[in-house]
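A.B. asks: Dropping a prediction and its sequence here:
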Amino acid sequence: MAEHSVTVENTLQTLLTDKKYSTIRDILVTMNPADIAAVFAGIEQEKLPLLFRLLPKELAAESFVEMESEEQEALIKGISDKELRQVMDELYVDDAVDIVEEMPANVVQRILAQADPEMRKEINEILQYPENSAGSVMTTEYVKLSPGMTVGDAILRIRRTGVDKETIYTCYVLENRLLVGTVSVKSLLLAPSDLQTIDSIMETNLITVTTHTDQEEVAQMMSKYNLLAIPVVDGDNRMVGIVTFDDAMDVIEEETTEDMEIMAGMTPSDKTYLKSSPFELFLHRIPWLALLMISATFTGLIISHFEEKLAAMVCLTAFIPMLMDTGGNSGSQSSVTVIRALSLGELEFADLGRVIWKEIRTALICGLVLGALCIGKVLLVDKLLLNTDGVTLTVALTVGLTLSLTVLCAKLVGCTLPMLAKKLGFDPAVMASPFITTIVDALSLLVYFGLATTLLRL
């Protein structure tokens with residue numbers, strides 16, 4: 001897909017140079033809005049208004065929604081108020097809200113000035129909801145029906161008003177603004193009679209969210225119940241909007257990206273990688289790197305404390321990296337598994353006991369196997385092949401036993417910390433690989449030197 005976009009981009013650049021605008025239009029009208037946006041991302045920003053004007057009105061608006069905020073801002077600055085008004089007339093409210101949230105204040109003022117009063121009012125209402133809530137990602141454009149309406153009247157209403165709605169596949173039955181049921185277009189089309197009333201075929205077992213429900217929870221509910229849209233109600237069960245599946249997919253992508261960045265030890269960024277400058281990447285990475293560097297001081301203090309014992313048996317030093325790395329990897333496996341289960345709603349804090357018991361059993365199996373392999377490796381490789389000074393059977397047993405206990409400690413830390421973070425209201429992803437690795441490194445050293453002191457009588 002990326003290669004295709006580059007090819008189209010190069011073709012458009014050539015056609016622009018030759019001023020073959022009709023050919024450019026013929027190419028663009030055959031393309032999907034998302035593909036047009038991808039091609040426009042590689043075009044010089046001063047040329048975007050010219051290309052944008054070649055698009056039919058509806059396709060232009062759909063492509064505008066798919067563009068990155070930088071291209072959107074450049075386009076808004078390069079087109080007239082009339083052209084901007086035409087774009088705003090074609091946008092759905094939730095798309096308009098997304099654009100407004102990304103733009104600087106002076107551009108927002110111009111956007112709102114060109115929106116019709118009704119859309120401006122709806123945009124301002126949605127902007128008042130908390131960030132990352134259902135209210136902030138919903139749209140107010142949906143099909144409303146009444147319980148006493150006949151099937152024939154309902155189909156007629158969909159024909160008259162559906163063109164301005166984001167989705168018509170599910171219609172919402174309201175009585176005095178209260179949501180009392182839903183009915184699908186399929187149910188309407190397959191109804192035995194056009195005179196049948198909506199209340200006789202509507203679904204009353206409703207799945208709803210409130211305006212303050214977290215957007216990630218909304219997306220999970222839509223995935224769980226296979227919904228194309230989910231109704232959003234206020235505290236009095238009054239219908240205020242819907243969240244559609246395309247917005248839910250955007251939420252899932254956004255939340256997953258955020259979790260991955262946090263788990264990798266970075267502050268989440270709103271920009272894509274190629275759009276971020278080296279300095280911006282530095283700002284997102286340096287706080288975590290500095291924190292982890294300082295926290296690693298504890299491992300240094302532990303090694304310094306046992307320096308005399310290491311001097312008495314230098315061969316022990318060679319096994320420290322292996323023990324620390326294995327512990328960090330073991331903790332990361334457990335933490336990632338638990339964090340993913342928490343994000344999918346598979347685990348709650350009440351499951352902590354079950355999780356710990358499962359991880360203990362898993363750790364015992366992993367630890368015994370790795371410990372046995374480690375003992376064999378120390379005896380065969382370090383003692384026989386490399387002939388390392390000081391390596392004995394007791395040393396091998398000490399290293400292997402340490403490895404087994406390190407795996408156990410690491411998996412317990414890896415599974416409990418994310419769940420405790422969730423319980424305290426923090427993002428569980430914070431307790432991912434870098435943070436857990438630092439804790440496990442310190443624990444593995446304490447176990448190692450404790451066993452070495454006891455078994456080797458240092």
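C.D. replies: Yep, it's here. Residues are numbered from 1 along each chain as shown.
A.B. asks: Kindly list the longest helix within the chain.
C.D. replies: helix 393-423 (DSSP state H).
A.B. asks: Buried residues in that helix, which are they?
C.D. replies: Residues of helix 393-423 classed as buried under the neighbour-count rule (16 or more other C-beta atoms under 10 Å) are 395-419, 421-422. All C-beta spots, glycine's among them, are computed from the backbone N, C-alpha and C.
A.B. asks: Could you do stretch 218-231 as well?
C.D. replies: Neighbour counts using 16+ other C-beta under 10 Å place 218-222, 227, 229-231 of stretch 218-231 among the buried residues.
A.B. asks: just those now: which is nearest Gly42?
C.D. replies: Nearest to Gly42 among the buried residues of stretch 218-231: Ala219, at 30.3 Å, using C-beta to C-beta.
A.B. asks: Now do the same contact list for Ile155.
C.D. replies: Ile155 is in contact with 188-189, 194, counting by C-beta atoms under 8 Å, 6 or more residues apart in numbering.
A.B. asks: Turn the residues you listed into a markdown table, including neighbour count, secondary structure and distance to Glu261.
C.D. replies: Putting those into a markdown table (neighbours: other C-beta atoms under 10 Å; DSSP: H, G, I helix; E, B strand; the rest coil; distance: C-beta to C-beta, whole Å) gives the following:
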| residue | neighbour count | secondary structure | distance to Glu261 |
| --- | --- | --- | --- |
| Leu188 | 19 | helix | 45 |
| Leu189 | 9 | helix | 45 |
| Asp194 | 13 | coil | 54 |
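A.B. asks: Past the longest helix of the chain, which element shows up next along the chain?
C.D. replies: Downstream of helix 393-423, the first helix or strand assigned by DSSP states H and E is helix 433-455.
A.B. asks: Export that next one to CSV, keeping only CA atoms.
C.D. replies: Extracted C-alpha coordinates of helix 433-455, given in CSV (Å, rounded to 0.1, in the frame of the first residue of the first chain):
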residue,chain,number,x,y,z
SER,A,433,8.8,-4.1,31.0
PRO,A,434,11.2,-1.3,32.0
PHE,A,435,9.8,-0.7,35.5
ILE,A,436,9.4,-4.4,36.3
THR,A,437,12.8,-5.3,34.9
THR,A,438,14.4,-2.8,37.3
ILE,A,439,12.7,-4.3,40.3
VAL,A,440,13.5,-7.9,39.3
ASP,A,441,17.1,-7.0,38.7
ALA,A,442,17.5,-5.9,42.3
LEU,A,443,15.6,-9.0,43.6
SER,A,444,17.7,-11.4,41.5
LEU,A,445,20.9,-9.9,42.9
LEU,A,446,19.7,-10.2,46.5
VAL,A,447,18.7,-13.8,45.9
TYR,A,448,22.0,-14.6,44.2
PHE,A,449,24.2,-13.1,46.8
GLY,A,450,22.1,-14.5,49.6
LEU,A,451,22.4,-18.0,48.3
ALA,A,452,26.0,-17.6,47.4
THR,A,453,26.8,-16.5,50.9
THR,A,454,25.0,-19.4,52.4
LEU,A,455,26.0,-22.2,50.0
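A.B. asks: Give the burial count for Ile303, as a bare number.
C.D. replies: The local packing of Ile303 (other C-beta atoms under 10 Å) involves 14 other residues.
A.B. asks: who are the neighbours in contact with it?
C.D. replies: Applying C-beta under 8 Å, 6+ apart to Ile303 gives the contacts 310, 320, 445.
A.B. asks: re the thing from before, who are the neighbours of the longest helix of the chain, in terms of helices and strands?
C.D. replies: For helix 393-423, the packing partners by 3 or more C-beta pairs under 8 Å, 6 or more residues apart in numbering; DSSP states H and E come out as helix 320-343, helix 352-377, helix 433-455.
A.B. asks: mind putting the ones you listed in CSV, distance to Leu127 included?
C.D. replies: Listed next are these as CSV, based on distance: least, C-beta to C-beta, whole Å:
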stretch, distance to Leu127
helix 320-343, 27
helix 352-377, 39
helix 433-455, 35
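A.B. asks: To Thr297, which of these lies closest?
C.D. replies: Checking the helices and strands packed on helix 393-423 against Thr297 by C-beta to C-beta gives helix 433-455 as the closest, at 9.9 Å.
A.B. asks: what does that closest one contact?
C.D. replies: With C-beta under 8 Å, 6+ apart, helix 433-455 has contacts from 263-265, 288, 292, 295-296, 298-299, 302-303, 306, 309, 313, 316, 319-320, 323-324, 327-328, 330-332, 335-336, 394, 397-399, 401-402, 405-406, 409-410, 413-414, 417, 458.
A.B. asks: and that helix with helix 320-343, angle?
C.D. replies: Relative orientation of helix 433-455 and helix 320-343, computed by axes from the mean of the first three to the mean of the last three C-alpha atoms, to 10 degrees: 130 degrees.
A.B. asks: pLDDT (mean, whole number) over helix 433-455?
C.D. replies: Mean pLDDT, computed over helix 433-455, is 84.
A.B. asks: can you pull the buried residues of that helix?
C.D. replies: Across helix 433-455, burial judged by 16+ other C-beta under 10 Å covers 433-449, 451-452.
A.B. asks: now swap in stretch 139-152 and tell me
C.D. replies: Judged by neighbour count (16+ other C-beta under 10 Å), stretch 139-152 contains these buried residues: 139-143, 145-146, 149, 151.
A.B. asks: ok, now stretch 206-221?
C.D. replies: Neighbour-count burial for stretch 206-221 flags 206, 208-209, 211, 213, 215-216, 218-221 (criterion: 16+ other C-beta under 10 Å).
A.B. asks: of those residues, closest to Ala248?
C.D. replies: Proximity of the buried residues of stretch 206-221 to Ala248 was ranked by C-beta to C-beta; the top entry is Ala219 with 4.2 Å.
A.B. asks: for the host helix or strand of the closest one, packing partners?
C.D. replies: Following DSSP H and E, one finds Ala219 within helix 215-224. Judged by 3+ C-beta pairs under 8 Å, 6+ apart, helix 215-224 is in contact with helix 134-137, strand 209-210, strand 229-233, strand 239-244, helix 245-263.
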